[in-house]
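> Sequence first, predicted coordinates after that:
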Amino acid sequence: MTVNLLDFDAAALTAFFADRGEKPFRARQVLRWLHRFGQADFAAMTDIARSLREKLAGLAVVQPPPVIADRLAGDGTRKFLFDVGGGNAVEAVFIPEEERGTLCISTQAGCALDCSFCATGKQGFSRNLTVAEIIGQLWQAQHALGGWAERPANGERLISNVVLMGMGEPLANLDNTVRALRLMLDDNAYGLSRRRVTVSTSGLVPAIDRLRDECPVALAVSLHAPNDGLRDELVPINRKYPLRALLAACQRYLERAPRDFITFEYVMIDGVNDSDAQAHELLALTHEVPCKFNLIPFNPFPGSPYRRSPAMRVRRFAEILLAGGVVTTTRRTRGDDIAAACGQLAGQVRDRTRRRSSDFVVQLLPQEARA
Ligand code: SAH
Ligand code: SF4
């Protein structure tokens, strides 16, 4: 049976070569070809003995998920749709800015957590993505953007940051997420510093602890409400891991890296969670956690029940948090003309939870087909 080498992090690749009597440096060489140069063809891996290249060709493949749509928004945001088989497709979004280029990638086809304001959640859940499907989004985006070329003189990379904020809950697919993260950080692969890779979670407490132990990258926590009553409604996983437990996990996460902070994401929904009183409540709730706030104006999607908070309201909410001494940024809405903004990613998902009718999925298909 052939294996997909994109499923392997450095440790797995070393074990794969060891099982075949090959030295660990072979694994490093292949890792570099795959993830530093984007090479999928064994024949082109010229510093590896021809006999080994031929052996590899019989044992393994290099198979990222195919790109089935690639759309550019007016603001330069670029959205990729990947076929992950079985009627499922997932999305990644590249967001170019002056100082950096951020790739936002998916970790699951759909999401089982059903947050009330999220397009992905409304689709239901199909399955976890494999390591090859997670890292393959980065691999394919680098190809599409021309990012494998030599770095320019200023050392800047086209994709300088990766955020796991696309479709799905990364910590509900922890094992594969951690392997993909290790590839992002590996000097023989993407070599990103751990502060340039961010995992966003809705708050799976035991998995936050495991991430801290296994691969402590930057952590963003989707808070969205200043108390359990409202958070139970917006982020149903809160009923299992309420705010006290979540904030304690945030504190533990920072114990190993005292100069770090948690980014609290907060979707601004008109009349739901955006009052002055709620801003003050939020400050009181989080005052013991070294943190920043990132306010995300709600992005509507077909059938969504909410409205975005008016710009003045977002500004006022931010002012209160700032006056309380917490660095607060407001996320600029990017790529919403191609449904690439936060919470709009929907790809295409074969829901296995049977929670939703398939109408929603069908609605999204024609839009993607136009790409
Ligand atoms: N499952 C993870 C990561 C994916 S969602 C999480 O929930 O954190 C990435 C971010 O987009 C989260 O902060 C999420 O709350 C936010 N988001 C979801 N739906 C949104 C919407 N309709 N408008 C704006 N942000 C949204
Ligand atoms: Fe899942 Fe995150 Fe969407 Fe909630 S906000 S449904 S956890 S992807």
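Sure, I can see it. Ligands and ions are numbered 1, 2, ... in the order given.

> where's Gln39 relative to Ser51, distance?
Separation of Gln39 from Ser51 (C-beta to C-beta, to the nearest Å): 18 Å. To be clear about C-beta, it is placed using only N, CA and C from the backbone, and glycine gets the same treatment.

> neighbour count winner among the two?
Neighbour count, other C-beta atoms under 10 Å: between Gln39 and Ser51, Gln39 has more, with 17 against 8.

> That one reaches Thr46, doesn't it?
No: taking contacts as C-beta atoms under 8 Å, Gln39 lies outside contact range of Thr46: 9.7 Å.

> helices and strands of this structure: which one has the lowest mean pLDDT?
None of the helices or strands of the chain scores lower by mean pLDDT, DSSP states H and E than helix 359-369, at a mean of 31.

> Please pull up the helix or strand immediately following the strand or helix carrying Gln140.
Using DSSP states H and E, Gln140 sits in helix 131-145. Sequence order places strand 161-164 as the next helix or strand after helix 131-145, per DSSP H and E.

> Adjacent strands (with direction) for that following strand?
Applying DSSP bridges to the sheet, strand 161-164 is found paired with strand 101-104 (parallel), strand 197-201 (parallel).

> and the last one, how far out from the chain's middle?
What it means is strand 197-201. Its chain's C-alpha centre and that of strand 197-201 lie 6 Å apart, by C-alpha atoms, centre = their mean, to the nearest Å.

> repeat for the shortest one
In terms of C-alpha atoms, centre = their mean, the centre of strand 101-104 is found 9 Å from the chain centre.

> Pick out the residue of the stretch 101-250 of the chain closest to ligand 2.
Gly121 (2.6 Å; C-beta to the nearest ligand atom).

> now for the helix or strand that contains that residue, which elements pack on it?
If you go by DSSP H and E, Gly121 is part of helix 119-123. If you count contacts as 3 or more C-beta pairs under 8 Å, 6 or more residues apart in numbering; DSSP states H and E, helix 119-123 packs onto helix 359-369.

> Cys174: which element?
One thing to correct before we go on: residue 174 is Leu, not Cys. Going by DSSP H and E, Leu174 is part of helix 174-185.

> still on that earlier bit, between the strands paired with strand 161-164, which one is nearest to ligand 1?
Comparison of those against ligand 1 by C-beta to the nearest ligand atom identifies strand 197-201 as nearest, at 3.7 Å.

> so the closest one versus helix 174-185, what angle?
When axes from the mean of the first three to the mean of the last three C-alpha atoms, to 10 degrees is applied, the directions of strand 197-201 and helix 174-185 differ by 160 degrees.

> follow-up on the earlier one: for the residue of the stretch 101-250 of the chain closest to ligand 2, what are its contacts?
111, 113-115 (C-beta atoms under 8 Å, 6 or more residues apart in numbering).

> so how far is ligand 1 from the residue lying closest to Pro64 once chain neighbours are set aside?
Counting by C-beta to C-beta, 6 or more residues apart in numbering, Pro64 lies nearest to Gly136, which is 3.3 Å off, once chain neighbours are set aside. Look at Gly136 and ligand 1: by C-beta to the nearest ligand atom, to the nearest Å, they are 18 Å apart.

> Would you check that Gly136 makes contact with Pro66?
No: here Gly136 lies out of contact with Pro66, judged by C-beta under 8 Å, at a distance of 9.2 Å.

> residues shared between the contacts of those two?
Common neighbours of Gly136 and Pro66 (C-beta under 8 Å, 6+ apart) are Phe82.

> which of those two has more neighbours?
More crowded of Gly136 and Pro66, by other C-beta under 10 Å: Gly136, with 26 against 13.

> for ligand 1, what are the nearby residues on the chain?
117-118, 165, 169, 200-202, 222, 265, 267, 296, 298-299, 342-343 (C-beta under 6 Å from any ligand atom).

> just those residues now: which is nearest ligand 1?
Gly343 (1.8 Å).

> For the closest one, report the pLDDT, please.
Here, the pLDDT recorded for Gly343 equals 65.

> now the one 4 residues further on
Confidence per residue is given as pLDDT, and for Gly347 that number is 68.

> do the one 4 residues further on as well
Per-residue pLDDT puts Asp351 at 75.

> Then Asp213?
What the model reports for Asp213 is a pLDDT of 96.

> Check whether it sits in a helix, strand or coil.
Assigned with DSSP: H, G, I helix; E, B strand; the rest coil, Asp213 falls in the helix class.

> swap in Phe94?
Strictly by three-state DSSP, Phe94 counts as strand.

> Looking at the residues of the chain next to ligand 1, which are in strands?
With DSSP state E as the criterion, strands contain 200-201, 222, 265, 267, 296 from among the residues of the chain next to ligand 1.

> would TSV of these with pLDDT and neighbour count be doable?
Formatted as TSV, these follow (pLDDT from 0 to 100; neighbours: other C-beta atoms under 10 Å):
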residue	pLDDT	neighbour count
Ser200	98	22
Thr201	98	26
Ser222	98	26
Glu265	97	21
Val267	97	28
Ile296	95	24
